[in-house]
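Q: One predicted model, sequence on top.
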Amino acid sequence: MLIAMDHGNKQCKLVRSEPFISGLTESEVRPFGPDVLKYGDKYYQISDQRIPYRRDKTEDDRFFILTLFGIANEIEASSAYAPGIIRVQLAVGLPPAHYGAQNEKFIQYFSRRGVVSFTYRGKPYSICIDDVACYPQSYAAAASILQALTTVPLALVVDIGGYTMDYIRIKKGRGDMASCDSLENGVIMLYNKIISKVRAAQDILLTEEEIDAILLGQSVQGLQEVIPVVERCAQEFVSDLLSALRERQLELRTAPVVFVGGGSILLKRHIEKSGKVAHPLFVEDIRANVKGYETLYRIAQNSR
């Protein structure tokens, strides 16, 4: 069974099942609640507290355990559960700037574990990850529109994620891995700035979910007084982000700029309002990267 997973710093995304926060709680005794995973002699639940950012996600087993949650959710969503060993092909991704140095290590992180047994929601699972493929983020997210870019001499894909903002140039539908980078200024930085400013000025403790609602223009009860602060911080953040791209000699006014990732969806209004991008295109699907991993894996298999 092919399972694609996007291990974001803010959320883990899958093709068929719901995204979940990239955070875990661990205990030696079974906690309360149905969504409990037991692996080895420990119990795990998804937490609303993210794992602190790490450039190398293979430093410990936490992202592997998050992957077990994702695999089980995808198996259930596909009605593919069966007794015995379920063979899994895993498609994952990394930021473009980290890809060359880390993709083999990330592949090995999931490989060579043999049969992995765990229980989830009281149901026993035995899986064997028999193939792993890793792809560059941003490029994968743009996979759905690459055909439309084959006649375009130059385009830029910008992926605004939780902790990083990744970019890659596309030349006639092909990713240029020599012109890519990952900057550590994703939306988590914006959240921290807004939360700090609102707490200092108005003694209100905003949550990230409330900030998301304001940025998306949704109704928020009792928070009208903080909306101007959130909007101003977001516009400044977008201006700085686009200026950082321009400093890297990336053209934003003539070539198409394709924005992907959850951060791009949150900040669409502010990007359009900035006046710094002449032809912004938005892939408004939070699952764009993970769907791209699945597509690229199938293309590679069919070309063998």
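A: Everything's here; your move. Numbers count the residues shown, from 1 in each chain.
Q: remind me which residues of the stretch 101-250 of the chain are low pLDDT?
A: For the stretch 101-250 of the chain, applying pLDDT under 70 flags no range at all.
Q: all strands for it, in order.
A: 115-120, 123-136, 155-160, 165-171, 174-183 (DSSP state E, counting those that start in this stretch).
Q: Which of the ones you listed sits closest to residue 17?
A: strand 115-120 (12.1 Å; Cβ to Cβ). C-beta coordinates here come from the backbone N, C-alpha and C atoms, glycine included.
Q: mind listing what's buried in stretch 24-35?
A: residue 24 (16 or more other Cβ atoms under 10 Å).
Q: For that stretch, what is the spacing between the initial and final residues?
A: Stretch 24-35 stretches 12 Å from its first residue to its last (Cα to Cα, to the nearest Å).
Q: possible to save the strands of the stretch 101-250 of the chain as TSV with distance to residue 246?
A: Shown next, in TSV, are those (distance: least, Cβ to Cβ, whole Å):
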stretch	distance to residue 246
strand 115-120	46
strand 123-136	22
strand 155-160	11
strand 165-171	11
strand 174-183	13
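Q: So residue 18 lies in a helix, does it not?
A: No: per DSSP: H, G, I helix; E, B strand; the rest coil, residue 18 lies outside any helix segment and is coil.
Q: Next, the closest residue to it other than its chain neighbours: secondary structure please.
A: Once flanking residues are discounted, residue 18 sits nearest to residue 73: 7.5 Å by Cβ to Cβ, 6 or more residues apart in numbering. Secondary structure assignment for residue 73 (three-state DSSP): helix.
Q: so residue 73 makes contact with residue 13?
A: No: using Cβ atoms under 8 Å as the test, residue 73 is too far from residue 13 to be in contact (11.0 Å).
Q: one step back: which residues lie in contact with the residue nearest to residue 18 in this structure?
A: Shown in contact with residue 73 (Cβ atoms under 8 Å, 6 or more residues apart in numbering): 14, 17, 18, 20.
Q: quick one: which of those residues is nearest residue 156?
A: For the contacts of residue 73, the minimum distance to residue 156 (Cβ to Cβ) is 27.1 Å, reached by residue 14.
Q: Quick check: that closest one vs residue 67, distance?
A: Noted for residue 14: a distance of 10 Å to residue 67, by Cβ to Cβ, to the nearest Å.
Q: Residues that sit against both of the two, list them.
A: residue 5.
Q: What residues does the nearest residue to residue 117 once chain neighbours are set aside make contact with?
A: Counting by Cβ to Cβ, 6+ apart, residue 126 is the residue found nearest to residue 117 once chain neighbours are left out, at 4.9 Å. Neighbour list for residue 126: 84, 85, 86, 115, 116, 117 [criterion: Cβ under 8 Å, 6+ apart].
Q: how does it look with 6 Å?
A: 85, 115, 117 (Cβ atoms under 6 Å, 6 or more residues apart in numbering).
Q: Overlap of the contact sets of residue 73 and residue 13?
A: With Cβ under 6 Å, 6+ apart, residue 73 and residue 13 have no common neighbours.
Q: on that earlier part again, kindly reformat the contacts of residue 126 as JSON lines containing neighbour count and distance to residue 163.
A: As requested, the contacts of residue 126 are exported to JSON lines (neighbours: other Cβ atoms under 10 Å; distance: Cβ to Cβ, whole Å):
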{"residue": "85", "neighbour count": "14", "distance to residue 163": "35"}
{"residue": "115", "neighbour count": "11", "distance to residue 163": "33"}
{"residue": "117", "neighbour count": "13", "distance to residue 163": "32"}
